[in-house]
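# Have a look at this fold, sequence not included:
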């Protein structure tokens, strides 16, 4: 199956002059290219995340901070379509964009350690400051709503907030961590991204050896896919059950292995431009396999493939097969998205440029807006469709207003991780011309 996924690249290539020019540019000038498609894909990924979290309010049986009285079982099938790859895509794009900067710096005479420390410092300002701000200010209403609707909390928000930010509070001792009730909820992506970025910078002198000519075997999408699927299947088999996803930075080993490896994959793709071009050529094959394996997963969820649960417990070989299906599905979606992004989103766009600058503020506030809006509308709007439309509008408008206000004040730019200057250039690496060493 993997062989079919990667070998028949030429069959689906639309060999227009524009497509050939794009592929040639990616292969020959990987560090002078502007990867506009990565900005566009990042905007799309965060957009998907917003609608996914709105869906969490309505989906049947999946626990969340607040749940609608009207829940839909088939919504699970729709959400499974994206929850296999949505966060992986964000880590993948982050790694691809981030890699260009140290790669450029390592081709210059500047001290590599000085460059790494400088990049890490900038990363800390853009990630850790928003994280701390988010934990103290943005996440608090989510926690308040969750515990209020569950019946565990009965006090005004102001009183709760004093306890929430007090590391020595006596409120809900059983729910506390070493920092009290403070939590990051949906902002878990930020500390994970920072830690992975630090490791990438630390080991970048070794990582960049994937560029050497002797490793051109990695340019074969067939062999690269086999390598990716093999490693990710081992991660899935060994860590998924032992360390289920918890968003606990110190103990979330399955998520760490999965997402850090995805970032390494992104690094290799950027450093091996011929591989990146091959991903674009294989986009239709990737999409076909992704849809086919997603269909298999959905059929199994509806018990249409026999006693697979029993086989998972009794047969190691069957567990390996399931792992390969799940992992290949995950990789196929990522490859398809990257491929179609290269093909159709590689031109500059004012809309994408604007939204790309605001993805972090949007990401930071969207879930709190959803939870609070659902909390107030649940008892005031009788129509489920009307409620959904209102929650969506309130979320989109609230995110947009947050960004528009934040970018106008220096202190808010700092707290929301926006660039402190007002340069018109957009993304960290994708909007720069980087000379190839």
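Looks like it arrived, so ask away. As the structure is a prediction and not an experimental result, all values here were calculated from the model. Numbers count the residues shown, from 1 in each chain.

# From now on I want contacts and neighbour counts done on CA atoms only, so please keep to that.
Will do.

# Give the full set of residues in contact with residue 193.
Neighbour list for residue 193: residue 91 [criterion: CA atoms under 8 Å, 6 or more residues apart in numbering].

# Which secondary structure state does it sit in?
helix (DSSP: H, G, I helix; E, B strand; the rest coil).

# Not counting its own residues, what contacts the host helix or strand of residue 159?
Per DSSP states H and E, residue 159 falls inside helix 157-164. Surrounding helix 157-164, the residues in contact under the criterion CA under 8 Å, 6+ apart are 140-141, 144, 169-171, 180-182.

# 10 Å instead?
Helix 157-164 has contacts (CA atoms under 10 Å, 6 or more residues apart in numbering) with 135-137, 140-141, 143-145, 148, 153-154, 169-172, 176, 179-183.

# Give me the buried subset of those residues.
135-136, 140-141, 143-145, 148, 153, 176, 180-183 (16 or more other CA atoms under 10 Å).

# Would you map the helices across the stretch 51-200 of the chain?
Along the stretch 51-200 of the chain, the segments classed as helices by DSSP state H, counting those that start in this stretch run 75-83, 86-105, 112-133, 140-149, 157-164, 189-207.

# right, so these: which one is the most enclosed?
helix 86-105 (a mean of 22; mean count of other CA atoms under 10 Å).

# and that helix with helix 112-133, angle?
Put simply, helix 86-105 runs at 150 degrees to helix 112-133, going by axes from the mean of the first three to the mean of the last three CA atoms, to 10 degrees.

# quick one: average pLDDT of helix 86-105?
Averaged over helix 86-105, pLDDT sits at 90.

# any idea how far it is from the chain center?
The chain centre lies 11 Å from the centre of helix 86-105; the measure is CA atoms, centre = their mean, to the nearest Å.

# before we move on, what about stretch 205-214?
Put simply, stretch 205-214 sits 26 Å off its chain's centre (CA atoms, centre = their mean).

# Please spell out which residues along it are buried.
For stretch 205-214, a neighbour-count test (16+ other CA under 10 Å) marks 208, 210 as buried.

# Now do the end-to-end distance for that stretch.
Start to finish, the residues bounding stretch 205-214 are 17 Å apart (CA to CA, to the nearest Å).

# List just the one of the helices of the stretch 51-200 of the chain that sits closest to residue 310.
helix 75-83 (22.1 Å; CA to CA).

# about what we covered before: and the angle for the helix holding residue 159 with helix 140-149?
Using the same axes, to 10 degrees, helix 157-164 lies at 110 degrees relative to helix 140-149.

# Report the mean per-residue pLDDT for helix 157-164.
96.

# ok, back up a step: could you say which one of the helices of the stretch 51-200 of the chain comes nearest to residue 357?
Per CA to CA, nearest to residue 357 of the helices of the stretch 51-200 of the chain: helix 112-133, 12.3 Å.

# Take the helices of the stretch 51-200 of the chain and lay them out in a markdown table including distance to residue 417.
A markdown table is the format used below for these (distance: least, CA to CA, whole Å):
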| stretch | distance to residue 417 |
| --- | --- |
| helix 75-83 | 26 |
| helix 86-105 | 15 |
| helix 112-133 | 4 |
| helix 140-149 | 19 |
| helix 157-164 | 23 |
| helix 189-207 | 11 |
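
# Figure out which of these is closest to residue 277.
Per CA to CA, nearest to residue 277 of the helices of the stretch 51-200 of the chain: helix 86-105, 14.1 Å.

# Can you spell out which helices and strands pack onto the closest one?
Contact here means 3 or more CA pairs under 10 Å, 6 or more residues apart in numbering; DSSP states H and E; on that basis helix 86-105 packs against helix 36-58, helix 112-133, helix 189-207, helix 253-271, helix 316-344.

# so who does the nearest residue to residue 45 once chain neighbours are set aside touch?
Leaving aside its sequence neighbours, residue 45 sits nearest to residue 86 (CA to CA, 6 or more residues apart in numbering; 6.3 Å). Residues near residue 86 by CA under 10 Å, 6+ apart: 44-46, 48-49, 52, 92, 330, 333-334.

# Out of those residues, name the two that are farthest from one another.
Largest separation among the contacts of residue 86 by CA to CA: 52 and 92, giving 18.9 Å.

# Could you give the number of residues near residue 309?
Neighbourhood size, residue 309 [other CA atoms under 10 Å]: 11.

# quick one, what contacts it?
300, 303, 319.

# Lowest-confidence one in those residues?
When the contacts of residue 309 are compared, the smallest pLDDT is that of residue 303, 91.

# before we move on, what SS does that residue have?
coil.

# Can you pull the phi/psi pair for it?
Its backbone dihedrals place residue 303 at phi 60, psi 40, with angles given as degrees, to the nearest 10.

# Please list all residues in contact with it.
Listed by CA under 10 Å, 6+ apart, the contact partners of residue 303 are 297, 309.

# Now do the same contact list for residue 352.
36-37, 39-44, 345, 358, 426 are the contacts of residue 352 under CA under 10 Å, 6+ apart.

# For it, give its distance to residue 337.
In this view, residue 352 and residue 337 are 17 Å apart by CA to CA.

# Ok, residue 103 next?
Counting by CA to CA - residue 103 and residue 337 are separated by 24 Å.

# next one: residue 246
Taken as CA to CA, the span from residue 246 to residue 337 is 27 Å.

# Comparing those two, which residue is more hemmed in?
residue 337 (20 against 13).
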